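S.K.: Structure here, sequence nowhere to be found:
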């Protein structure tokens with residue numbers, strides 16, 4: 001057993017009970033920790049424990065359901081406009097698959113080692129120190145989790161508008177204010193309308209209903225998650241099957257050609273690709289530059305990598321997973337593997353039904369191609385090409401199911417992080433309590449609901465999500481760095497599962513993610529610098545919230 005003071009460099013005070021034998025879960029709840037490092041009696045509210053109600057299937061469904069939203073149906077259009085090559089489009093998704101699966105396999109070790117509520121927040125806190133955990137939790141609450149819920153919720157309203165035209169971003173019930181655009185170098189901030197329209201009202205109603213549902217406990221929340229994840233995975237698999245059956249000879253010739261000659265066109269190392277640097281419109285100072293294939297693939301990771309995001313959310317719910325030391329690593333590997341296989345196959349279907357290149361002024365689905373699919377809805381265009389208007393509505397229905405399941409999964413997971421932060425004295429005290437009957441972090445769910453609804457009304461969630469893309473990637477890098485640090489500082493901690501391919505594969509992830517980050521920093525400043533500022537704003541908040549001279553206790 002490791003010396004309980006071995007990890008004092010993290011700034012976290014622990015007792016020997018934080019290290020437990022393999023196969024056992026530390027169920028202890030930390031009370032306030034005095035300066036001498038001894039624990040006091042746990043507060044009364046800590047006697048309410050999480051219920052371990054999620055098995056392997058539910059945990060895997062949470063991974064998959066949180067990943068599959070609306071991105072896979074939309075982002076290939078923008079990616080295709082940048083890459084201009086079928087081979088590079090597939091390569092971009094393969095890079096995303098490699099990075100995500102390596103990340104998941106690496107997180108598996110941390111999840112099995114520390115199966116506690118809060119997941120990635122706990123790993124950063126334990127490996128690199130409390131401030132890094134707080135900055136992650138701060139960014140998660142401010143934008144990452146809540147902004148994603150808002151964005152996907154509004155996407156639900158957008159696709160529901162296919163069936164009910166009254167639901168629209170232009171159907172204002174109360175338009176309070178238009179925020180003017182402000183240009184700062186390569187950035188264009190603002191430009192959104194603040195108020196209530198039928199589309200964001202639909203999102204708020206959906207988020208409210210799912211928050212109420214999850215307030216009854218993890219078993220009901222995961223039952224809903226299992227249902228919708230199963231439905232949308234089957235729907236995505238069905239769409240892939242339909243796509244291969246409905247392949248189009250024009251698209252095949254344009255994207256593959258004889259002996260796949262057209263597939264590799266534009267994918268050479270010497271091929272040049274046009275990249276827009278900075279934001280355009282409303283006085284934006286965007287400019288275009290020519291880059292090589294490797295850089296272009298890194299740039300479009302803005303779409304593919306983050307359409308595959310939120311796979312880590314299952315770690316937030318570790319306190320509610322049965323046999324977490326086994327099921328968490330397995331769910332991460334299985335969930336990410338299946339989803340990314342479906343994503344790659346889905347892009348092959350797009351290429352089999354629609355030409356990659358298209359004309360924005362064309363009047364037919366085939367003429368617009370993947371690059372200029374109407375409103376970038378590539379999947380809808382594919383189904384419309386195959387089955388006409390009925391196909392478009394079928395796909396809209398499938399995306400509704402997908403977005404609903406995605407909202408539920410992300411909404412369910414995030415409050416476990418805010419709960420852990422509160423138990424560490426770094427968030428509102430009431431958020432660190434569980435419902436006596438539901439054994440769920442009810443207060444945390446409703447705090448998340450309030451901020452998410454404000455984002456829906458503000459119309460700013462889209463910009464905010466763009467801004468934290470870079471920050472999300474940085475936190476992934478830091479968490480895998482924490483894996484290396486913990487191998488040194490806590491060598492005797494129980495590790496029922498060890499990261500596959502360590503240290504080569506986790507090291508490769510750091511190299512790949514760092515390369516993508518550097519490229520985004522250089523060529524996508526409108527995404528990167530605001531994200532860094534949002535993260536750094538958490539530093540003074542941390543210093544104010546943390547009481548001087550006290551230890552940060554570990555959460556249950």
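M.R.: Received, thanks. All figures in this text were calculated on a predicted structure; none of them were measured in a lab.

S.K.: residue contacts, residue 57?
M.R.: With contacts defined as CB atoms under 8 Å, 6 or more residues apart in numbering, the neighbours of residue 57 are residue 226. Bear in mind the C-beta positions are built from the backbone N, C-alpha and C, glycine included.

S.K.: any idea how far residue 357 is from it?
M.R.: 42 Å (CB to CB, to the nearest Å).

S.K.: Remind me what the longest helix seen in the chain packs against, helices and strands.
M.R.: Scanning the chain for the helix with the most residues, using DSSP state H, yields helix 389-423. With contacts taken as 3 or more CB pairs under 8 Å, 6 or more residues apart in numbering; DSSP states H and E, helix 389-423 sits against helix 56-67, helix 120-128, helix 130-139, helix 145-160, helix 198-214, helix 218-245, helix 378-387, helix 442-458.

S.K.: Save the ones you listed as a markdown table, and put in mean pLDDT and distance to residue 346 too.
M.R.: A markdown table is the format used below for the helices and strands packed on helix 389-423 (pLDDT from 0 to 100; distance: least, CB to CB, whole Å):
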| stretch | mean pLDDT | distance to residue 346 |
| --- | --- | --- |
| helix 56-67 | 94 | 13 |
| helix 120-128 | 96 | 27 |
| helix 130-139 | 95 | 30 |
| helix 145-160 | 90 | 17 |
| helix 198-214 | 95 | 25 |
| helix 218-245 | 87 | 6 |
| helix 378-387 | 89 | 8 |
| helix 442-458 | 94 | 28 |
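
S.K.: Residue 270: which of those is closest?
M.R.: helix 378-387 (28.5 Å; CB to CB).

S.K.: can you pull the buried residues of the closest one?
M.R.: Using 16 or more other CB atoms under 10 Å as the test for burial, helix 378-387 gives 378, 379, 380, 381, 382, 383, 384, 385, 386.

S.K.: Stretch 355-366 now?
M.R.: For stretch 355-366, by 16+ other CB under 10 Å, it's 355, 356, 357, 358, 365, 366.

S.K.: what do you get for stretch 434-451?
M.R.: 434, 438-449, 451.

S.K.: Select, out of the helices and strands packed on helix 389-423, the one closest to residue 489.
M.R.: helix 120-128 (7.8 Å).

S.K.: so what secondary structure elements neighbour the closest one?
M.R.: helix 86-113, helix 130-139, helix 389-423, helix 461-489.

S.K.: mean confidence score for the third one?
M.R.: Averaging the model's pLDDT scores along helix 389-423 yields 91.

S.K.: before we move on, what about the last one?
M.R.: For helix 461-489, mean pLDDT is 88.

S.K.: could you point out which element follows that helix?
M.R.: helix 504-523 (DSSP states H and E).

S.K.: Run the angle between that next one and helix 86-113 for me.
M.R.: 120 degrees (axes from the mean of the first three to the mean of the last three CA atoms, to 10 degrees).

S.K.: can you list contacts of helix 504-523?
M.R.: Contacts for helix 504-523 (CB under 8 Å, 6+ apart): 95, 98-99, 102-103, 105-106, 275, 277, 289, 291, 295, 298-299, 301-302, 305, 469-470, 473-474, 476-477, 480-481, 483-484, 499, 527-528.

S.K.: buried stuff in stretch 160-174?
M.R.: Those would be 160, 161, 162, 167, for stretch 160-174 by 16+ other CB under 10 Å.

S.K.: now, the most widely separated pair of these?
M.R.: Checking the buried residues of stretch 160-174 with CB to CB, the most distant pair is 162 and 167, at 9.0 Å.

S.K.: can you redo the buried residues of helix 378-387 as JSON lines with distance to residue 73?
M.R.: Converted to JSON lines, the buried residues of helix 378-387 look like this (distance: CB to CB, whole Å):
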{"residue": "378", "distance to residue 73": "6"}
{"residue": "379", "distance to residue 73": "4"}
{"residue": "380", "distance to residue 73": "7"}
{"residue": "381", "distance to residue 73": "10"}
{"residue": "382", "distance to residue 73": "9"}
{"residue": "383", "distance to residue 73": "10"}
{"residue": "384", "distance to residue 73": "13"}
{"residue": "385", "distance to residue 73": "14"}
{"residue": "386", "distance to residue 73": "15"}
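
S.K.: List just the nearest of these to residue 177.
M.R.: residue 380 (32.4 Å).

S.K.: quick one: residue 439 and residue 217 touch, right?
M.R.: Yes: Residue 439 is within contact range of residue 217, at 5.9 Å (criterion: CB atoms under 8 Å).

S.K.: and for the two, which residues touch both?
M.R.: Once CB under 8 Å, 6+ apart is applied, the residues that residue 439 and residue 217 both contact turn out to be residue 51.

S.K.: Nearest to residue 196 among the helices and strands packed on helix 120-128 would be which one?
M.R.: Of those, nearest to residue 196 by CB to CB is helix 461-489, at 14.7 Å.

S.K.: ok, longest strand in the protein?
M.R.: Longest strand in the chain, counting residues (DSSP state E): strand 172-178.

S.K.: Give me the buried subset of the contacts of helix 504-523.
M.R.: For the contacts of helix 504-523, buried by 16+ other CB under 10 Å: 95, 99, 102-103, 105-106, 275, 277, 291, 295, 298-299, 301-302, 305, 469-470, 473-474, 476-477, 480-481, 483-484, 499, 527-528.

S.K.: Tell me how many other residues crowd residue 419.
M.R.: 28 (other CB atoms under 10 Å).

S.K.: Next: the one 3 residues further on.
M.R.: Applying other CB under 10 Å, we find 22 other residues in the vicinity of residue 422.

S.K.: how close does it sit to residue 414?
M.R.: 13 Å.

S.K.: now residue 125
M.R.: 17 Å.

S.K.: Which of the three states applies to residue 252?
M.R.: helix (DSSP: H, G, I helix; E, B strand; the rest coil).
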